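Asker: turn this into a model:
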Amino acid sequence: MELNTIIIGAGPIGLTCGIEAAKRNLSYIVLEKGCIVNSVFNYPVNMTFFSTSDRLEIGNVPFVSHGDKPTRREALEYYRRVVDAWKLKIYTYEKVMSIKKQEKQFIIETSKSKYKCENVIISTGFFDYPNLLNIPGENLPKVFHYFKEAHPFAYKKVAVIGAGNSAVDVALETFRRGAEVTMVIREDKLKDSVKYWVKPDIENRIKEGSIKAYFNSVVTEIKETEILIKTADGIIRLKNDFVFAMTGYHPDYKFLSDAGIKFSSDDIKTPVFNPETFQTSVEGLFLAGVVCGGMGTNKWFIENSRDHAEKIFNYITGHKKL
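Answerer: Prediction:
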């Protein structure tokens with residue numbers, strides 16, 4: 001099968017790319033290793049988005065939510081409706097194994113097939129690869145880098161590592177299911193980006209002592225029944241049943257590098273691309289969405305990435321936006 005464009009990743013921005021291809025009557029497919037909007041599906045069950053629903057809309061399909069800010073469940077339903085409305089050509093549960101360029105076309109090998117195309121758009125996000133602690137015991141079954149729901153951890157001793165929204169959500173939800181929660185935070189305070197309607201809640205729980213927090217501290221080792229925390233006052237041994245290392249995520253750098261993409265040399269490791277066209281140093285290979293931020297995962301979101309697709313396809317089709 002030879003196509004104009006193959007889009008890798010069926011998240012909201014990958015879907016937006018599919019919509020732009022459909023608008024322009026270009027031959028395309030979207031390849032997704034999991035389900036549609038796989039990252040959103042893997043968010044915590046009770047998650048509420050930071051953004052309002054209108055800022056998450058794509059393809060001129062209205063997103064109406066019950067509250068000011070939509071829930072994970074509402075988002076899953078909405079993006080399915082987008083796929084239906086545009087009849088997007090998506091192949092789910094088909095993982096891309098390699099991208100190779102031969103002269104003026106790309107060869108895409110997947111877990112199920114092989115394709116040829118003129119252009120490739122990578123919109124894979126970053127949620128599949130957690131930033132590891134690289135400490136002894138991190139591979140124990142009691143350690144999690146993702147959080148789904150709080151019920152299984154009721155009445156247990158839970159340690160939460162991190163200071164952002166994910167860590168705060170885990171701490172509050174497990175606390176409200178009866179867990180004994182301890183937060184371990186490298187910095188001297190919670191991150192400024194914590195949701196404004198949640199921040200007073202977690203700060204008050206810490207202040208009253210119902211959630212214990214160690215600031216300027218790091219976990220140095222995880223054991224079966226305890227964790228070791230390095231604090232300003234020395235090493236503390238804390239009895240523990242479960243650990244949630246909510247330390248952030250990063251793109252699949254090996255996959256991107258194997259495709260020929262270059263990166264900045266700083267700690268952020270931002271992929272190199274043209275900010276006007278989103279084309280990488282490989283002609284015909286583009287990036288879209290949050291993957292563009294590299295380790296700077298707080299730079300791009302759904303709401304400020306929705307125009308990536310239009311810019312990419314303006315370049316592909318040779319049209320300039322007036």
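
Asker: which stretches of the stretch 151-300 of the chain form helices?
Answerer: Listed from the start of the chain, the stretch 151-300 of the chain has helices (DSSP state H, counting those that start in this stretch) covering 165-175, 199-208, 253-258.

Asker: so can I have JSON lines of these showing distance to Pro130 and mean pLDDT?
Answerer: C-beta coordinates here come from the backbone N, C-alpha and C atoms, glycine included. Listed next are the helices of the stretch 151-300 of the chain as JSON lines, based on distance: least, CB to CB, whole Å; pLDDT from 0 to 100:
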{"stretch": "helix 165-175", "distance to Pro130": "10", "mean pLDDT": "96"}
{"stretch": "helix 199-208", "distance to Pro130": "22", "mean pLDDT": "97"}
{"stretch": "helix 253-258", "distance to Pro130": "13", "mean pLDDT": "96"}
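
Asker: out of those, which is the most enclosed?
Answerer: Most buried of the helices of the stretch 151-300 of the chain, by mean neighbour count (mean count of other CB atoms under 10 Å): helix 165-175, with a mean of 23.

Asker: run the chain-centre distance for that one.
Answerer: Centre-to-centre, helix 165-175 and its host chain are 17 Å apart (CA atoms, centre = their mean, to the nearest Å).

Asker: from the contact counts, what lies against that helix?
Answerer: Applying 3 or more CB pairs under 8 Å, 6 or more residues apart in numbering; DSSP states H and E, we find helix 165-175 packed against strand 157-161, strand 180-184, helix 199-208.

Asker: show the contacting residues for Pro44.
Answerer: Residues near Pro44 by CB atoms under 8 Å, 6 or more residues apart in numbering: Arg72, Phe147, Lys148, Glu149, Asp169, Val170, Glu173.

Asker: right, and the fifth one touches Met47 too?
Answerer: Yes. Taking contacts as CB atoms under 8 Å, Asp169 lies within contact range of Met47: 7.0 Å.

Asker: need the contact list for Asn131.
Answerer: Residues near Asn131 by CB under 8 Å, 6+ apart: Thr247, Gly248, Tyr249, His250.

Asker: if we can go back for a sec, dump the helices and strands packed on helix 165-175 to a markdown table, plus distance to Lys142.
Answerer: Listed next are the helices and strands packed on helix 165-175 as a markdown table, based on distance: least, CB to CB, whole Å:
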| stretch | distance to Lys142 |
| --- | --- |
| strand 157-161 | 10 |
| strand 180-184 | 14 |
| helix 199-208 | 23 |
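
Asker: which of those sits closest to Lys191?
Answerer: For Lys191, the closest of the helices and strands packed on helix 165-175 is helix 199-208, at 9.5 Å, according to CB to CB.

Asker: show me where the stretch 201-322 of the chain has strands.
Answerer: 212-214, 218-222, 226-231, 234-239, 242-245, 285-287 (DSSP state E, counting those that start in this stretch).

Asker: now do the stretch 1-150 of the chain
Answerer: Here the stretch 1-150 of the chain has its strands, by DSSP E, counting those that start in this stretch, at 2-8, 28-31, 90-91, 96-102, 105-110, 114-122, 143-144.
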